[in-house]
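>>> Just the structure for this:
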Amino acid sequence: MTFRERLSRPRTIMSSDDFAQAAADAWHQIHPDERTDALVVATRIQRAATLIGERLERALAGMGLGALGDYEALAALRRSPHGLTPGELATMLLVSGAGITGRLARLEAPGWIHKEPHATDGRSFVVSLTETGRRVADEAFAAVQAERARVVEPLGPDEVAELAETLRTLLVHLGDAPPPP
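Here you go, the predicted structure:
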């Protein structure tokens, strides 16, 4: 059964260990004319994101990366060989200027990043990884990839591909990703 087929199948037996469905059932009792399928999907996405984030943070804990956001900044810099401005990094990671300032301070303290004046904008600077930062980013990437593989382990390759496309469609709708070509 595909991911979409599972989503669309009617639920007649309610499971008390499915928080999203239990919440939808409770709301349906209060508002019987309201559809609750969007509540189930959004709640499951939010809970999965939280649980995945917790697993990734545990995988990174021994590397001196105290928060998943710090890893995300390190990883973004690793993928950008010419560095990024704090504004570019904030936009990429969907965080505020203050949020990126804190992340950069935490990455600068152990010597994982360095800042250079921006070539054309005297008010800004470019952040890039030091050699140590690149090494830490690569080690962290390996740990995160291993954990991500464990997250999708119960799904078959077709289900993973279908879920990835379904989530992409949702992200396009929400304005986070460009439409596919």
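
>>> which stretches of this structure form strands?
Along the chain, counting by DSSP state E, strands occupy 113-117, 125-129.

>>> So what touches the first one?
To tie it back to what came earlier, the one meant is strand 113-117. Strand 113-117 is contacted by residues 77, 83, 104, 107, 108, 125, 126, 127, 128, 129, 130, 133 when judged by C-beta atoms under 8 Å, 6 or more residues apart in numbering. C-betas here are computed from N, CA, C, even on glycine.

>>> before we move on, the earlier item: deepest of the strands of the chain, which one?
Of all those, strand 125-129 has the most neighbours on average by mean count of other C-beta atoms under 10 Å, namely a mean of 19.

>>> Which other helices and strands does that one contact?
helix 68-78, helix 86-93, strand 113-117 (3 or more C-beta pairs under 8 Å, 6 or more residues apart in numbering; DSSP states H and E).

>>> the inter-axis angle of it versus helix 68-78?
Orientation check (axes from the mean of the first three to the mean of the last three C-alpha atoms, to 10 degrees): strand 125-129 against helix 68-78 gives 100 degrees.

>>> now strand 125-129, how far from the centre of its chain.
22 Å (C-alpha atoms, centre = their mean, to the nearest Å).

>>> In CSV, could you pull the C-alpha coordinates for it?
The C-alpha trace of strand 125-129 is given here as CSV (Å, rounded to 0.1, in the frame of the first residue of the first chain):
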residue,chain,number,x,y,z
PHE,A,125,30.9,40.0,6.1
VAL,A,126,31.3,36.6,4.6
VAL,A,127,31.3,33.5,6.8
SER,A,128,33.2,30.4,5.8
LEU,A,129,34.4,27.2,7.4
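
>>> need the longest helix for the chain.
Across the chain, the longest stretch assigned as helix under DSSP state H is helix 37-60.

>>> how about the contacts of strand 113-117 in TSV, adding distance to residue 157 and pLDDT?
Output for the contacts of strand 113-117, formatted as TSV (distance: C-beta to C-beta, whole Å; pLDDT from 0 to 100):
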residue	distance to residue 157	pLDDT
77	31	96
83	36	94
104	38	94
107	35	95
108	40	95
125	43	93
126	39	95
127	37	96
128	36	96
129	33	97
130	38	96
133	34	96
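
>>> which two from those end up farthest apart in space?
Largest separation among the contacts of strand 113-117 by C-beta to C-beta: 125 and 133, giving 15.6 Å.

>>> give me the number of residues near residue 32?
By other C-beta atoms under 10 Å, 7 other residues sit near residue 32.

>>> and it, what does it touch?
No contacts exist for residue 32 under C-beta under 8 Å, 6+ apart.
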